[in-house]
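Trainee: Have a look; sequence and predicted model below, questions after that.
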Amino acid sequence: MPTAAAAIDDFLAQKRIAVAGVSREPGGKHGGNVIYKRLKDRGYEVFAVNPNADSVEGDPCYRSLAAIPGGVDAVVIATTPSVAPSVARECHELGITRVWMHGPFGGGSVSSEANAYCRQNGIASIAGACPLMYGPTSDGFHRFMRGFIGLVGKLPREA
């Protein structure tokens, strides 16, 4: 099982990333939308996924991971925890081997069932924290949050 640090570096090195669970509400503060916009702003080729939306943030939205032309290398899960296992299963079916379950303070999208499924099926699963806390996607606020969450021992340690 890789360390979280190695999995995070590998995840953020990918250039085609889907964000599953973005909100239809434009300009909303939903975690998925914030992640989607930041990845896009930082030069990633990012794809919004929501089964109930045709567009998100003015961009095309896909109803499933399978609908994304050319596929993706990694998926941020920003759904409710109850939906995360089905996203993990779709990742496995499509051969996607990198998943990040967005998990700020309240658990966010983290699902122990989805995390276990990923690990049992060869998918590096980062369960918790936020991609915006690390590397080229980070900002001052998110780095501060990373430090704080690290102090209380809530950062992911393995993937």
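Mentor: Alright, I've got the coordinates.
Trainee: use CA for all of it now, contacts and neighbours both
Mentor: Will do.
Trainee: In contact with the residue nearest the centre of the chain, which residues?
Mentor: The centre of the chain sits closest to residue 76, judged by CA atoms, centre = their mean, with a distance of 1.5 Å. Going by CA atoms under 8 Å, 6 or more residues apart in numbering, residue 76 touches 17-20, 99-102.
Trainee: Next: residue 96.
Mentor: Residue 96 neighbours (CA under 8 Å, 6+ apart): 72-75, 123.
Trainee: phi, psi of it?
Mentor: Phi and psi for residue 96, reported as degrees, to the nearest 10, are phi -80, psi 120.
Trainee: How about the one 3 residues further on?
Mentor: Main-chain dihedrals, residue 99, degrees, to the nearest 10: phi -130, psi 140.
Trainee: Then residue 109?
Mentor: Per degrees, to the nearest 10, the backbone of residue 109 is at phi -100, psi 0.
Trainee: now the helices for this protein?
Mentor: 4-13, 31-41, 84-94, 112-120, 140-151 (DSSP state H).
Trainee: what about the fourth one, distance to the chain center?
Mentor: Per CA atoms, centre = their mean, to the nearest Å, the displacement of helix 112-120 from the mean C-alpha position of its chain is 15 Å.
Trainee: between that helix and helix 84-94, how many degrees?
Mentor: 20 degrees (axes from the mean of the first three to the mean of the last three CA atoms, to 10 degrees).
Trainee: Can you spell out which helices and strands pack onto helix 112-120?
Mentor: Judged by 3 or more CA pairs under 8 Å, 6 or more residues apart in numbering; DSSP states H and E, the packing partners of helix 112-120 are helix 84-94, strand 124-127.
Trainee: looking at these, which is buried most?
Mentor: Across the helices and strands packed on helix 112-120, averaging neighbours per residue (mean count of other CA atoms under 10 Å) puts strand 124-127 on top, at a mean of 28.
Trainee: partner strands of it, parallel or antiparallel?
Mentor: strand 98-101 (parallel) (DSSP bridges).
Trainee: And residue 59, how far from residue 147?
Mentor: 33 Å (CA to CA, to the nearest Å).
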